[in-house]
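A.B. asks: build me a model from this:
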Amino acid sequence: MDGQEKSPVSAVLADSETGLGFESLQTRLQRYGAGKKRALDMSKYIMENTKSKWDDRKRNTETGKLATKIGNCANFLIFKRYLTVDEVRLHAANFCKKHLLCPFCAMRRGAKYLQVYKQRLDVVLQENPKLRAFMVTLTVKDGENLLERFTHLRKALKKYQEQRRNALKGQRQVEYAKALGGVMSIEIKRGKNSGLWHPHVHMIWLCEDVPSASQLSKEWLELTGDSYIVDVREFYGESVVDGFLEVFKYALKFSDMELSDNWEAFQTLKAKRLVDNFGLFRGVQVPDDLTDDDIDDEYILLLYRFIRGSGFNFVGQGNKAEIMGILYPNSFSNR
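C.D. replies: Residues are numbered from 1 along each chain as shown. From the prediction side, this is the model:
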């Protein structure tokens with residue numbers, strides 16, 4: 001390892017894990033602080049192990065700009081503490097939105113994923129009470145070339161999606177057609193034994209009929225030519241939401257990797273889609289805004305700054321003008 005701690009993304013992804021009450025704020029700040037620390041380590045790695053921050057003409061390179069943006073992410077956090085209900089919601093921060101490199105933005109993006117998909121899930125299960133939820137994992141053989149292995153996985157998935165659509169039209173039946181809707185995410189990591197790249201896909205299938213793992217294995221081997229390893233397990237009750245949390249977590253926990261692998265994965269996959277949906281979940285859109293939704297209630301703003309070695313520290317509270325005056329004292333002192 002590069003001497004880095006595990007990212008909090010792998011353990012806790014969404015804020016709903018601890019709630020939004022004031023007592024849970026310190027737990028959230030600890031997670032955010034761990035994510036911020038990893039982002040600083042990633043920024044330093046980029047600076048020291050890629051092209052120099054400055055080119056020959058002393059101009060800031062794109063890589064240097066990226067490293068700076070990640071390093072400056074979440075330098076401060078502003079929360080709304082509501083006065084008549086026990087809730088504290090993230091109101092503002094300087095987000096880098098590079099969730100493949102920044103655990104803080106990954107956690108915030110994951111919370112948004114869970115929020116919008118849970119809303120759709122509640123509607124789907126209310127309208128289709130007979131549906132059962134299954135976690136389905138599909139793999140391909142490990143390999144040295146990440147892009148080649150990722151492309152191989154995506155092509156197999158695309159073919160399987162075509163077979164599903166054809167089966168729903170009355171053609172050859174496949175296990176995938178039992179899924180009336182679902183979500184999927186691609187996880188990238190090193191194989192535990194091989195040390196090679198091991199991309200695989202985690203999916204939530206909502207089905208009335210139980211998928212056959214043995215038949216699924218046969219169909220997947222036909223598609224990939226190199227892997228028959230699949231896993232199917234059912235979720236029950238409230239754990240269906242946990243299943244969605246698991247799926248989104250896998251696509252966002254790149255910061256569990258060594259820094260060098262994290263950077264390579266980002267370079268390879270930064271323009272690739274890692275989360276997708278189908279069937280009853282088609283059309284779900286995840287908002288770009290990473291802050292919490294507001295509620296209609298009186299509030300006071302809380303300001304926290306990150307200090308390496310001690311995490312996020314409380315700086316002050318007040319209205320918007322007072323908080324801006326703390327953040328930018330020189331700009332407001334002459335007004």
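A.B. asks: any low-confidence regions in the stretch 151-300 of the chain?
C.D. replies: Applying pLDDT under 70 to the stretch 151-300 of the chain picks out residues 237-238.
A.B. asks: quick one: the strands in it?
C.D. replies: 179-187, 200-207, 230-235, 275-279, 299-307 (DSSP state E, counting those that start in this stretch).
A.B. asks: okay if I get those as TSV plus mean neighbour count?
C.D. replies: Quick note: C-beta positions are derived from backbone N, CA and C, even for glycine. Converted to TSV, the strands of the stretch 151-300 of the chain look like this (neighbours: other C-beta atoms under 10 Å):
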stretch	mean neighbour count
strand 179-187	22
strand 200-207	23
strand 230-235	16
strand 275-279	17
strand 299-307	18
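A.B. asks: could the ones you listed go into a markdown table alongside distance to Gln30?
C.D. replies: Below are the strands of the stretch 151-300 of the chain laid out as a markdown table (distance: least, C-beta to C-beta, whole Å):
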| stretch | distance to Gln30 |
| --- | --- |
| strand 179-187 | 25 |
| strand 200-207 | 27 |
| strand 230-235 | 29 |
| strand 275-279 | 26 |
| strand 299-307 | 12 |
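A.B. asks: among the ones you listed, which is nearest Ala39?
C.D. replies: Ranking the strands of the stretch 151-300 of the chain by proximity to Ala39 (C-beta to C-beta) places strand 299-307 first, at 9.8 Å.
A.B. asks: one step back: who wins for proximity to Thr151 among the strands of the stretch 151-300 of the chain?
C.D. replies: For Thr151, the closest of those is strand 179-187, at 11.4 Å, according to C-beta to C-beta.
A.B. asks: partners of the closest one in the sheet?
C.D. replies: strand 200-207 (antiparallel), strand 275-279 (antiparallel) (DSSP bridges).
A.B. asks: rewinding a little: out of the strands of the stretch 151-300 of the chain, which is closest to Gln126?
C.D. replies: Of all those, strand 200-207 comes closest under C-beta to C-beta, at 12.6 Å.
A.B. asks: which residues are in contact with that closest one?
C.D. replies: 124, 128, 131-140, 153, 157, 178-187, 211, 235, 240, 243-244, 246-247, 250, 279-280 (C-beta atoms under 8 Å, 6 or more residues apart in numbering).
A.B. asks: for the stretch 151-300 of the chain, just list every one of the helices.
C.D. replies: 213-224, 239-252, 259-269 (DSSP state H, counting those that start in this stretch).
A.B. asks: just those helices: most buried one?
C.D. replies: Comparing the helices of the stretch 151-300 of the chain by mean neighbour count (mean count of other C-beta atoms under 10 Å), helix 239-252 ranks first with a mean of 21.
A.B. asks: confirm for me that Asn262 is in contact with Leu269.
C.D. replies: No. Counting by C-beta atoms under 8 Å, Leu269 is not a contact partner of Asn262; they are 10.8 Å apart.
A.B. asks: picking up where we left off before, distance to Asp288 added to the helices of the stretch 151-300 of the chain, as JSON lines?
C.D. replies: Shown next, in JSON lines, are the helices of the stretch 151-300 of the chain (distance: least, C-beta to C-beta, whole Å):
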{"stretch": "helix 213-224", "distance to Asp288": "34"}
{"stretch": "helix 239-252", "distance to Asp288": "15"}
{"stretch": "helix 259-269", "distance to Asp288": "19"}
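A.B. asks: that older thread, for Gly33, which of the strands of the stretch 151-300 of the chain is the nearest?
C.D. replies: Nearest of the strands of the stretch 151-300 of the chain (C-beta to C-beta): strand 299-307, 6.7 Å.
A.B. asks: what residue is smack in the middle of the chain?
C.D. replies: Note on the chain: the residue nearest the mean C-alpha position is Leu252, at 3.1 Å, using C-alpha atoms, centre = their mean.
A.B. asks: please name the nearest non-neighbouring residue to that residue.
C.D. replies: Spatially, and ignoring its direct neighbours in sequence, Leu252 is nearest to Ala106 (4.1 Å; C-beta to C-beta, 6 or more residues apart in numbering).
A.B. asks: re earlier: the strands paired with strand 179-187: which one's closest to Tyr82?
C.D. replies: strand 275-279 (31.0 Å).
A.B. asks: any idea of the angle the closest one forms with helix 239-252?
C.D. replies: 140 degrees (axes from the mean of the first three to the mean of the last three C-alpha atoms, to 10 degrees).
A.B. asks: all set, thanks.
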